[in-house]
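In: Dropping the sequence and predicted coords here.
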Amino acid sequence: MKTTPLHSSWCEISCAKIEQNLRIALDILPAGSRFCVVLKADAYGHGIENVVPILLSHKIGYVGITSNSEAMAVREAGFGGTIMRLRTATFDEAVNALPFDVEEQVSTVEAAQAFAGLIKKRDLVIPLHLSLNAGGMSRDGLELSITSGRESFARIISLVGDNIVGICTHFPSNLTEELQISITRFHHDVNWVFRNSSLRREDILVHGGSSLTLVSGQKVGTDMMRCGAVLYGLVRQDLGFQPTMTLKARITSIGRYPQGSTIGYDRSSLLSEDKMLANISIGYANGYSRRFSDRSQVLVRGKQLPVLGKISMNTIVVDVSALTDAQVGDEVVVFGAYGEEAINVRTMEDLSGTIMADLCTDWGHRNPRIVT
Ligand SMILES: *Cc1c(COP(=O)(O)O)cnc(C)c1O
């Protein structure tokens, strides 16, 4: 007989909240701007197959990915719209992605030569996006402020100008002044491109701006913004965006321990009085970082309770003395809401020293996902 294993810890994915976040994002999107939903890192750990149906029901026509397996998952989920890669592909990667119809980025002469060869040899149409650095990330965009960059531009246009459908950049900072400088610089570069090539403004999709740009309230003036974080409720909860992932585990045992007991590896915690301690089925192997040792809280039956001692590989210890009714088998929320209470984004970011996107991509890959 086949049995489905009961999970030790798991991520609950709320499709209703993803949809609600999408609605809020579309509401604040500048009139006339398109919206590209970013699905990299398997939809920020949420599972591409869970997010695509929501996009289909809202007629979202553009998604952004980075890897070919993500492109494949997007097509397998039934998405027929435009898939755009958010970084430059290697040549092999671009060839391998042909069955999935991925629009690629180009910013070097080498890549343009490779694409030109491929397009000619196989008589293909591969729509390309010219990626500009615009003084920004210096990741893989073309830097037009230097002579060599402008020379490369001329070569790129002569090789693949006919295939260019978009011009894009990625802003490195969304702090008011820095964003303003980036926006100005990008438009300056885009205008230069149109003055120095036969590309026509009306044929080209000019895109830039991510979640924090969208919520910045600043005028971006691009044809499309590419957003991920807002959809998963990772930023600006004050605007109504809600986290869409809850990380849960269970109480596996409850015991009484006397004053003076130490807890966990290295005896880092000491009981100053008798306590009821619960063992919970999650640890650093599930993405509940060792950095949270002796510092974090969890929710049991809607009550915030402290984690005591070092985080073990697959377990943590929680002081449940404040609860009279805690039981083995109880669900424990280690991130997310339970009724009115929540372990929120701010708390987790402070504890971990990283951003919520880092945590939820990690959790989504290290734990089974359950769609609610
Ligand atoms: C990740 C990414 C985005 C989306 O960023 P969010 O902050 O999650 O909205 C947009 N564009 C590019 C190029 C990216 O890599």
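Out: Nice, thanks for sending it over.

In: Tell me where the stretch 1-150 of the chain has strands.
Out: 9-13, 34-38, 62-65, 82-85, 102-106, 128-131 (DSSP state E, counting those that start in this stretch).

In: Looking at those strands, which is nearest to the ligand?
Out: strand 34-38 (4.1 Å; Cβ to the nearest ligand atom). Glycine gets a C-beta too; all of them are placed from N, C-alpha and C.

In: near the ligand, anything from the closest one?
Out: Yes - judged by Cβ under 6 Å from any ligand atom, strand 34-38 and the ligand are in contact via residue 38.

In: helices or strands next to the lengthiest strand in the chain in the packing?
Out: For the chain, the strand with the greatest residue count under DSSP state E is strand 245-257. The contact analysis (3 or more Cβ pairs under 8 Å, 6 or more residues apart in numbering; DSSP states H and E) places strand 245-257 against strand 9-13, strand 275-280, strand 331-338, helix 356-366.

In: average pLDDT across the third one?
Out: Taken as a whole, strand 331-338 has a mean pLDDT of 97.

In: Determine how far that strand lies from the middle of the whole chain.
Out: Centroid separation for strand 331-338 versus its chain: 21 Å, with Cα atoms, centre = their mean, to the nearest Å.

In: do the same with the shortest one
Out: Strand 9-13 sits 16 Å away from the centroid of its parent chain (Cα atoms, centre = their mean).

In: Apart from its chain neighbours, what residue comes closest to the residue nearest the centre of the chain?
Out: For the chain, residue 44 is the residue whose C-alpha lies nearest the centre (Cα atoms, centre = their mean; 3.6 Å). Nearest non-adjacent residue to residue 44, counting by Cβ to Cβ, 6 or more residues apart in numbering: residue 232, 4.8 Å away.

In: Is the one you found in contact with residue 46, as I believe?
Out: Yes - using Cβ atoms under 8 Å, residue 232 and residue 46 qualify as a contacting pair, with a distance of 6.3 Å.

In: Pull up the overlap in contacts between the two.
Out: Shared contacts of residue 232 and residue 46 (Cβ atoms under 8 Å, 6 or more residues apart in numbering): 18, 244, 245, 360.

In: what about the last one, distance to residue 33?
Out: Distance, residue 360 to residue 33, by Cβ to Cβ, to the nearest Å: 26 Å.

In: just the first one next, same as before
Out: Relative to residue 33, residue 18 is positioned 20 Å away (criterion: Cβ to Cβ).

In: For these two, indicate the residue with more neighbours.
Out: residue 18 (23 against 16; other Cβ atoms under 10 Å).

In: any chance you could map the helices in the stretch 101-250 of the chain?
Out: 109-122, 147-160, 176-195, 211-214 (DSSP state H, counting those that start in this stretch).

In: Please export the C-alpha coordinates of the last one as CSV.
Out: Included here for helix 211-214 are C-alpha records, laid out as CSV according to Å, rounded to 0.1, in the frame of the first residue of the first chain:
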residue,chain,number,x,y,z
SER,A,211,8.5,46.1,-7.1
LEU,A,212,10.1,48.9,-5.0
THR,A,213,10.0,51.2,-8.1
LEU,A,214,6.3,50.5,-8.5
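
In: looking only at pLDDT, what's the mean for it?
Out: Helix 211-214 comes out at a mean pLDDT of 98.

In: Can you pull out the residues in contact with that helix?
Out: 25, 28-29, 171, 174, 179, 220, 225, 227-231, 234-235.

In: can we see that at 6 Å?
Out: 171, 174, 220, 225, 227, 229, 230, 235 (Cβ atoms under 6 Å, 6 or more residues apart in numbering).

In: repeat for stretch 353-364
Out: By Cβ under 6 Å, 6+ apart, the residues outside stretch 353-364 that reach it are 11, 41, 44-46, 229, 234, 245, 247, 287, 345, 348-349, 352.

In: hmm, back to that, want to try a markdown table for the helices and strands packed on strand 245-257, with mean neighbour count and distance to the ligand as columns?
Out: Shown next, in a markdown table, are the helices and strands packed on strand 245-257 (neighbours: other Cβ atoms under 10 Å; distance: least, Cβ to the nearest ligand atom, whole Å):
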| stretch | mean neighbour count | distance to the ligand |
| --- | --- | --- |
| strand 9-13 | 22 | 17 |
| strand 275-280 | 21 | 30 |
| strand 331-338 | 21 | 18 |
| helix 356-366 | 20 | 6 |
